[in-house]
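Undergrad: turn this into a structure:
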Amino acid sequence: MSRRRELIRYLGARMALVPLMLWLIASLVFLLLRVAPGDPIDALLGPRAPEAARIALRHQLGLDRPLINQYGSFLGDLVQGNLGISQHSQEPVRAIIGASLPASVELGMVALLLAAVLGLAVGLSGIARPEGRLDLAGRLFGISTYALPPFWAAMVVQLVFAVGLGWLPVGGRFPPTLLEPQGSGFFLFDSLRAGNWAQLQGTLRHLVLPASTLALLLSGIFTNALRLNLRRALDSDYVEAARSRGLSERRVVLRHALPNALLPVLTITGITVASLIGGALLIEVTYSWPGIAARLQEAIAQRDYPLVQGIVVVVAALVVLVTVAVDLLVALLDPRIRF
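TA: Below you'll find the predicted structure:
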């Protein structure tokens, strides 16, 4: 079987698993919301609301129906692409996600890019002298940044650069004194497309702190992965053969060891997308960033079943698709992989 057919077969097998994974995730979040303490009626009306009003609202929202009927309706709507109506704001869940998701994607993409650059730079810094000062400092950096609590790191960065030095805004996504860029919801892209430098500057000023904080927390993953895989590559037979041909150590590292060490790092990038969700939740809340993670936190606090379910399913779908795309890219770049 040709390489091309193998890739198509592999992609088909992975994509066939996507609906099953999404069904499991959707079912799990549906069940957990129903068994968790708290009542959405209390969140909407308050605990002292008249019983007649509570019964009427419960019936209106369909929460008085048997659980199996609620689950069947939920799955039926999900298959049709209907994520429901928010119980709290009465807006379509799809519209809420569409308005909030670009902010999170923009923050995540910038943070992931910064994390990769910082993490790979630190990981490469100690290669010349293993177990030397730079190598030990890189190892300490990788461990400490990965272990930092996100909310604590975000508050420290806020106190130093926003409150103490006053260099950057303490929170928010855009200056309230300017009109927001219109278009796709990605402020960097929209302001560049419009050629509005005031909007671009305002977007960048508000993006620097949350993106840098999230990048710092994620950079240790890239540092540790590159150090480990590059060390293995440098001890391999093909690198020793390159050295025996009289090639300089710089060329051996850059032309032979580094490309092979970066392939596992690329795989880890797909896994890091999932880590973005947990880190972004606390970062968005701390920096008042109007993204999907902050909306999820609000929806959970409000016991807004449709909004929580919709956000979790959409985010899970994005993570699964990104992971499949990264795996396929690695397979395209590395002919040694067989399926």
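Undergrad: let me know the secondary structure of the closest residue to residue 39 other than its chain neighbours.
TA: Excluding the flanking residues, the one nearest residue 39 by Cβ to Cβ, 6 or more residues apart in numbering is residue 303, at 6.7 Å. Placement of C-beta: from N, CA and C, glycine included. Secondary structure, DSSP: H, G, I helix; E, B strand; the rest coil: residue 303 is coil.
Undergrad: can we start the residue count at 41 from this point?
TA: Happy to do that; since the first residue is 41 now, the last one works out to residue 343.
Undergrad: how near is residue 343 to residue 116?
TA: Using Cβ to Cβ, to the nearest Å, residue 343 is found at 22 Å from residue 116.
Undergrad: give me the more crowded residue out of those two.
TA: residue 343 (20 against 10; other Cβ atoms under 10 Å).
Undergrad: does that one touch residue 85 like I think?
TA: No - using Cβ atoms under 8 Å, residue 343 makes no contact with residue 85, being 11.5 Å away.
Undergrad: count the residues that sit near residue 304.
TA: Residues near residue 304, counting by other Cβ under 10 Å: 18.
Undergrad: picking that back up, now for the residue nearest to residue 79: which residues touch it?
TA: Contacts for residue 343 (Cβ atoms under 8 Å, 6 or more residues apart in numbering) come out as 73, 78, 79, 80, 82, 83, 127.
Undergrad: so which of those sit within helices?
TA: Among the contacts of residue 343, the ones falling in helices (DSSP state H) are 73, 80, 82, 83.
Undergrad: where does the stretch 191-340 of the chain have low pLDDT?
TA: Residue ranges of the stretch 191-340 of the chain with pLDDT under 70: 279, 287, 289, 294, 296, 311, 314-319.
Undergrad: out of the ones in helices among the contacts of residue 343, which is nearest to residue 267?
TA: Closest approach to residue 267 among the ones in helices among the contacts of residue 343 (Cβ to Cβ): residue 73, at 41.3 Å.
Undergrad: identify the residues contacting that closest one.
TA: Residue 73 sits next to 343, 345, 348, 349 when contact means Cβ under 8 Å, 6+ apart.
Undergrad: name the helix or strand for residue 141, please.
TA: Per DSSP states H and E: residue 141 is located in helix 133-165.
Undergrad: next helix or strand past that helix?
TA: Per DSSP H and E, the first helix or strand lying C-terminal to helix 133-165 is helix 173-187.
Undergrad: report the mean per-residue pLDDT for that following helix.
TA: Mean pLDDT, helix 173-187: 77.
Undergrad: then that helix to CSV, C-alphas only?
TA: In CSV, the C-alpha atoms belonging to helix 173-187 read as follows (Å, rounded to 0.1, in the frame of the first residue of the first chain):
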residue,chain,number,x,y,z
ARG,A,173,25.1,26.1,34.1
LEU,A,174,22.9,26.9,31.2
ASP,A,175,21.6,23.4,31.0
LEU,A,176,20.8,23.3,34.7
ALA,A,177,19.2,26.7,34.4
GLY,A,178,17.1,25.5,31.5
ARG,A,179,16.0,22.4,33.4
LEU,A,180,15.0,24.5,36.4
PHE,A,181,13.1,26.9,34.1
GLY,A,182,11.2,24.0,32.6
ILE,A,183,10.2,22.5,35.9
SER,A,184,9.3,25.7,37.7
THR,A,185,7.2,27.3,34.9
TYR,A,186,5.3,24.1,34.4
ALA,A,187,4.6,23.9,38.2
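Undergrad: ok and that helix relative to helix 133-165, angle-wise?
TA: If you take axes from the mean of the first three to the mean of the last three Cα atoms, to 10 degrees, helix 173-187 sits at 160 degrees to helix 133-165.
Undergrad: show me what helix 173-187 is packed against.
TA: In this structure, helix 173-187 packs against helix 133-165, helix 237-274, with contacts taken as 3 or more Cβ pairs under 8 Å, 6 or more residues apart in numbering; DSSP states H and E.
Undergrad: residue 147: neighbouring residues, count only.
TA: Residues lying near residue 147 (other Cβ under 10 Å) number 24.
Undergrad: re earlier: wait, which of the helices and strands packed on helix 173-187 is closest to residue 190?
TA: helix 237-274 (5.7 Å).
Undergrad: ok and the very next helix or strand once past that closest one relative to helix 237-274, angle-wise?
TA: Using DSSP H and E, the helix or strand that follows helix 237-274 in sequence is helix 277-284. On the basis of the same axes, to 10 degrees, helix 277-284 is oriented at 90 degrees to helix 237-274.
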